[in-house]
Every structure is written in structure tokens, then in C-alpha cells.
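# Got a predicted structure here, sequence first:
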Amino acid sequence: HAEPPHVSPDGVLVVAKPVGPTSHDVVGLVRRLAATKRVGHGGTLDPFASGVLPVFLGRATRLVEYHLADRKRYRATVCFGASSTTDDLEGALTPAAGPAPTRGAVETALAAFRGEIEQRPPAYSAIKVAGRRAYALARAGQDVELAPRAVTIHAIEIVTWDDATPGEPVAVVDVECSAGTYVRSLARDLGAAVGSAAYLGALTRTASGPFALAAAIDLDEVRAAAADGRDAIAARLLPIDAGLDLPTVVVPDAAFTAISRGQAIGVPPGTPALDAGVPVRIVDGAGRLLAIARLSGTKLAPDKVLVDAPA
């Protein structure tokens with residue numbers, strides 16, 4: 001029998017990234033193992049960080065933009081008593097001048113970090129300054145002072161406190177925050193807030209939007225699945241619209257052809273009120289995603305069509 005034609009897999013693979021590889025490395029590995037070119041990820045993790053990295057394959061790559069604003073959850077190890085040039089364990093450390101903080105002082109300081117705060121990103125970040133990456137300027141010895149930006153800390157709590165090493169207490173902190181928050185900056189600023197200094201010693205992303213670490217699969221399992229054939233990887237994929245937090249409109253089968261050709265359709269009777277310009281999921285009676293559309297006047301106009309038109 002002839003090998004069936006290779007159908008590129010479509011869906012979301014929730015990977016547990018280990019410490020070491022870059023997010024780009026993980027995407028490259030999945031791209032190779034799944035034998036598909038269309039692969040993207042939902043939010044970079046630094047090489048020293050581990051945790052949830054949603055990887056989008058095939059048609060799911062067209063939906064990544066709707067996940068970019070997803071909240072993130074982290075478990076962060078904050079090391080007090082020293083500052084770092086990179087605000088994390090990879091930089092050059094300088095001991096803090098003052099005494100080490102107590103747990104009580106840090107607990108009290110956390111209150112000022114809850115809610116919307118202004119945060120200065122780390123000098124060693126991928127933000128562009130006059131067309132160049134900040135980390136490239138920092139490595140070249142230039143002083144990089146990035147503009148503060150508003151981020152939201154939905155929750156921040158100390159999980160454990162370890163002061164076994166004199167002058168260098170370590171707090172493990174759970175953080176739930178908006179997209180674009182730098183946990184390295186949070187560690188740095190928390191150190192300053194208690195009259196000391198601090199840097200990020202370790203970081204695990206425990207959730208990215210609806211994707212939780214408990215449900216993520218590690219790279220060894222991805223490799224093992226690939227060895228079993230591409231169906232085994234496909235079996236581990238979530239649907240392309242998994243975790244997409246958008247209003248949903250169910251359309252009759254008769255609308256399928258028009259939608260598949262990118263044509264606007266009338267709003268089906270009984271649909272709850274929709275806000276103009278807000279993206280909505282268009283699904284068929286079986287719940288399959290057909291398109292992402294927006295209300296334009298009285299019609300639903302597809303932005304992205306995710307099914308093939310009938311031949």
C-alpha cells in the first residue's frame with residue numbers, strides 16, 4: 001500500500017519546557033517531529049525558565065494573536081541580598097549594602113505590587129531601542145534605561161521562605177500577572193522595596209491563559225510520540241481553538257459555503273447581542289471552528305477562515 005499523503009497536523013500542543021533550551025528551540029523540535037512548517041508559540045520563556053509553552057501547529061498558528069493577551073502564572077524564586085546585571089541568575093552579582101530583609105518586611109512590601117503597577121523592563125530584554133535589541137546594547141556596555149510600562153499583578157504571595165544562608169534569604173513566590181510582565185523586574189524591584197537587592201534565581205510558568213502545567217507534556221513524551229508516528233503526535237493535540245476566550249456563534253450548515261469562501265453572512269436568529277468589531281468564533285452545529293469573524297453592520301464578516309471551501 002502507498003503511504004497516505006502527509007496531512008499537516010492542526011492543533012495546540014501544550015509543552016512543559018525544561019530548563020536549557022530556548023522557546024525557539026522547542027518550536028524547532030516540534031516542527032521537525034511533527035513534519036510541519038507552520039509552528040508558533042504563545043509567549044517566550046527564557047532558557048533558564050521552565051514551564052508551560054503552548055505550541056501552535058498548522059491552522060492553530062493563525063489564532064496565536066488571540067492568545068497574546070492571556071494572563072500568566074509563575075512560581076518564581078527570588079534571591080535577596082544581591083543584585084544582578086541581568087536581574088536573574090545569569091548576570092554578574094553584586095552583594096547588597098544593607099541588612100537582609102525579613103519575611104515580614106517582604107510580605108508587607110508585596111502589597112504595593114498588587115494591581116496595576118509601572119514596571120521598568122530589564123536592560124537585558126528583547127525590547128527594541130532605536131531599532132536595536134536592548135540586550136545587544138547592554139552587552140556592548142551601553143547604559144540602557146527602558147521606559148516603564150503599565151502591567152497588572154493580579155495576585156502575588158510568598159509560598160516558602162528560606163533564610164538558612166545568612167544575609168541571603170530566598171523566597172518562592174506565586175505570581176499571576178498580565179501578559180508582558182517581567183518577573184525579573186518584579187524580583188529586582190521587590191529587593192529595592194525592602195531596602196536590599198534581589199534577583200530571579202529560578203522561574204517556572206505554571207499557566208499560560210487556560211493552559212496549565214499539570215496538563216502539559218514534556219519533551220521526552222513529544223519525542224516518544226513522534227517515534228510512534230505522526231498520528232501519535234496528532235492524538236496529543238488540543239483543537240486549534242482550545243482555550244480561546246471569545247464569544248461563539250453557531251451557524252447553520254447552509255452558511256458553510258459562504259463562510260468557507262470568506263463571505264459575510266447574516267447573524268443567525270437567536271444569537272445573543274454582539275459588540276461591533278469584537279472577534280467571535282463561528283462554529284458549526286458540531287462545535288467545529290469555521291472562522292473568526294467580526295460584526296460589521298448587520299453581517300458577520302470573516303477575518304480568518306479556518307476551513308477549506310467545498311471543491
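That came through, no problem.
# Against which helices or strands is the longest strand seen in the chain packed?
Assignment by DSSP state E gives strand 149-162 as the longest strand of the chain. Using 3 or more C-beta pairs under 8 Å, 6 or more residues apart in numbering; DSSP states H and E, the elements in contact with strand 149-162 are helix 103-110, strand 115-119, strand 170-177. Every C-beta, even on glycine, is put in place using the N, C-alpha and C of the backbone.
# Would you mind finding the most buried of these?
Neighbour counts (mean count of other C-beta atoms under 10 Å) averaged over each of the helices and strands packed on strand 149-162 peak at strand 170-177, with a mean of 20.
# and it, what does it pack onto?
strand 72-80, strand 149-162, helix 183-193.
# what about the second one, average pLDDT?
Taken as a whole, strand 149-162 has an average pLDDT of 97.
# List the contacts of that strand.
Applying C-beta atoms under 8 Å, 6 or more residues apart in numbering, the contact partners of strand 149-162 are 71, 75, 103, 106-107, 110, 113-119, 121, 169-178, 180-182, 186.
# Could you give the backbone dihedrals for the closest residue to Asp10 other than its chain neighbours?
Sequence neighbours aside, Gly58 is the residue nearest to Asp10 in space, at 3.5 Å (criterion: C-beta to C-beta, 6 or more residues apart in numbering). The phi/psi pair for Gly58 (degrees, to the nearest 10) reads phi 60, psi -130.
# same question, Asp284
Dihedral angles for Asp284 - degrees, to the nearest 10 - are phi -90, psi -180.
# Quick check, it in contact with Thr248.
No: using C-beta atoms under 8 Å, Asp284 makes no contact with Thr248, being 11.2 Å away.
# just for this structure, where's the confidence low?
1-7 (pLDDT under 70).
# Nearest the geometric middle of it, what residue?
Gly43 (3.4 Å; C-alpha atoms, centre = their mean).
# Quick one: closest of the helices and strands packed on strand 149-162 to Ile292.
In terms of C-beta to C-beta, the element of those nearest to Ile292 is strand 170-177, at 26.2 Å.
# Check the offset of that closest one from the chain's centre.
Centroid separation for strand 170-177 versus its chain: 17 Å, with C-alpha atoms, centre = their mean, to the nearest Å.
# now stretch 102-112
28 Å.
# I'd like to check what contacts it. Which residues are they?
The set of residues external to stretch 102-112 that reach it, using C-beta under 8 Å, 6+ apart, is 80, 101, 156-158, 161, 163, 169, 171, 190, 193-194.
# buried subset of those residues?
80, 101, 156, 163, 169, 171, 190, 193-194 (16 or more other C-beta atoms under 10 Å).
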